[in-house]
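K.L.:
Okay, predicted coordinates and the sequence, questions at the end:
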Amino acid sequence: MEALTINGGAMTVRKFKPVMVQPESETPDGFYFLSSLDQAIPFTMMTIYRYEKGSGNVGEVLKQALSKVLVLYYPLAGSMAISSEGRFIVELTKKGVPYVEAEANCSMDMLGDVRVPDLDVTNKLIYTDPKAKTILETPLLTAQVTKFKCGRFTLGVGISHSLVDGVSGMNFVNSWAQIARGKPVTAVPFHDRTLLKSRVPPQIKYPYDDFVQIADTSDTESLYQRDPLVHKLFVFDADRIAATKKLALSEGKVQFGTEALPENYFGNAVVTTASLCSAGELCERPILFAVEQIQKAVEQLDEEYVRSRMDFVDTYKPPLSSVGTLVISSWTRLAYGMSDFGWGDPS
C-alpha cells in the first residue's frame, strides 16, 4: 500500500482481494449485440459516490444487492469480445463483476472536494484489474466500497461506456440502490439493441461535420506528448448559468429547448453532432454566435439524422477528429441524487 499525499496528509487504502459477484439467478447465454453507437466509445467511465454515513455491514449489503440487480443487467457480468464482422460484442460468459472492499486510514475529510478530478485519488477508490491490458480483458463493471475512519464510505464504480450511456448507467446504479433498500426496481432495462442496427442497404442523407479531419496547424499532438494532461473544474452555479443565459438573450432571440431520450433503453442512445468554426470567430463574436451554432447543430437531430449517421459510420468507419475539437456533454439531468443504498443520498 503506497501512501498518497493529499491535502497535507498521507492517505493509504487497503484493498482486499476482489470477489467475483455473479447474478443471483439464471440469465441468458450467448452473445449480446452492440450498436454502432456503442462501438464508438469503448472506454471505462469512473464515478465516485460519497456517503456521509454507513454501517458495519455496508459491504455485504451492496454485494448482495449487486448479485440481485445483475439478473436484470446481466450483460455487465459478461466479457467484451470481437464478432466475426470485426465489431465489439458482449459474450454472456457470466464471468461476474469484480467487487472489492477496502479500508482507508483517514477521515473522508482528507479527500476534499471529490468533484475535482484527481487520478491518484480515483485509482485509490475505484478498482481496476491490474492484469487487464486490452479492452477485451477489461471488466465491463467493477465496484469498490471504501470505508473511512470517520464511519463514512465511498462507492467507486467503473463501467464500460460501450454498455451504457449516462442515463442507462444511472438507471443501473439507482436500480442497484433500490434493491439494497428493499424496494422494487422502477427502471427495468430494455435490452433489444437491434432496434439500432444500421439499414441494409445504407441510406446516408447528411454530411457529418464531426468526422471532418482538421489540420493540426498548432501541432497539438506533440503538445499532448510533451506536456502533462491537467484536469480543471469550472463551477457554474445557478446564478452564473442564469447570468450567461441573460447575456445571450440580451444579444438576440434565442430559445433554450429540452431533449427527450427513450426511457429504460439499456445502451447508448446518444450521438454527437458538430458545428465547424474557427477559434477566432468564437473569441471575436458575441456569445450569441456560439449559442446559435450549438442550437443549429442540435436541431439537426431527429430519428432520420441518427439512422443516417449510423449507416454512415458502419459504411465508412470514420474516426472522430481529435484535433481542434471541443466536446460538450451535459450531465445536468442525470439522476445522481437517487443513488441511496440505505444510508442517504451521495454528496
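P.N.:
That came through fine.

K.L.:
so the residue most central in space within the chain bridges to which residues?
P.N.:
With distances taken as Cα atoms, centre = their mean, residue 45 lies nearest the centre of the chain, 4.2 Å away. Here residue 45 sits in beta bridges with residue 159, as judged by DSSP bridges.

K.L.:
measure it to residue 16 for me?
P.N.:
When distance is defined by Cβ to Cβ, to the nearest Å, residue 45 is 24 Å away from residue 16. Where C-beta positions appear, they are placed from N, C-alpha and C, glycine not excepted.

K.L.:
domains for this structure, by residue range?
P.N.:
Annotated domains of the chain cover 4-196+334-338, 209-316 [automatic domain parsing].

K.L.:
Compare these and give me the one nearest residue 325.
P.N.:
Closest approach to residue 325 among these is made by domain 209-316 (7.3 Å; Cβ to Cβ).

K.L.:
Mind checking the pLDDT average for stretch 119-126?
P.N.:
For stretch 119-126, mean pLDDT is 91.

K.L.:
buried residues in it?
P.N.:
121-122, 124-126 (16 or more other Cβ atoms under 10 Å).

K.L.:
can you check stretch 222-239 too?
P.N.:
Buried, per 16+ other Cβ under 10 Å, within stretch 222-239: nothing.

K.L.:
Likewise for stretch 311-320?
P.N.:
Within stretch 311-320, the residues scored as buried using 16+ other Cβ under 10 Å are 311-314, 320.

K.L.:
for stretch 102-116, same thing?
P.N.:
Going by 16+ other Cβ under 10 Å, stretch 102-116 has these buried residues: 102-104, 106, 108, 110-111, 114.

K.L.:
Return the subset of those lying in strands.
P.N.:
102-104 (DSSP state E).

K.L.:
out of the buried residues of stretch 102-116, who's nearest residue 239?
P.N.:
Using Cβ to Cβ, the buried residues of stretch 102-116 come closest to residue 239 at residue 114, 23.0 Å.

K.L.:
For the closest one, what are phi and psi?
P.N.:
Main-chain dihedrals, residue 114, degrees, to the nearest 10: phi -70, psi -10.

K.L.:
That one: what's it in contact with?
P.N.:
By Cβ atoms under 8 Å, 6 or more residues apart in numbering, the residues touching residue 114 are 48, 50, 121, 154.

K.L.:
In strands, which of the residues you listed appear?
P.N.:
Those of those lying in strands (DSSP E): 48, 50, 154.

K.L.:
ok, and the most crowded of those residues?
P.N.:
residue 154 (25 neighbours; other Cβ atoms under 10 Å).

K.L.:
Kindly reformat the buried residues of stretch 311-320 as TSV containing secondary structure.
P.N.:
TSV is the format used below for the buried residues of stretch 311-320 (DSSP: H, G, I helix; E, B strand; the rest coil):
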residue	secondary structure
311	helix
312	helix
313	helix
314	helix
320	coil
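
K.L.:
Tell me the one among those nearest to residue 203.
P.N.:
Using Cβ to Cβ, residue 311 is the member of the buried residues of stretch 311-320 that lies nearest residue 203, at 5.8 Å.
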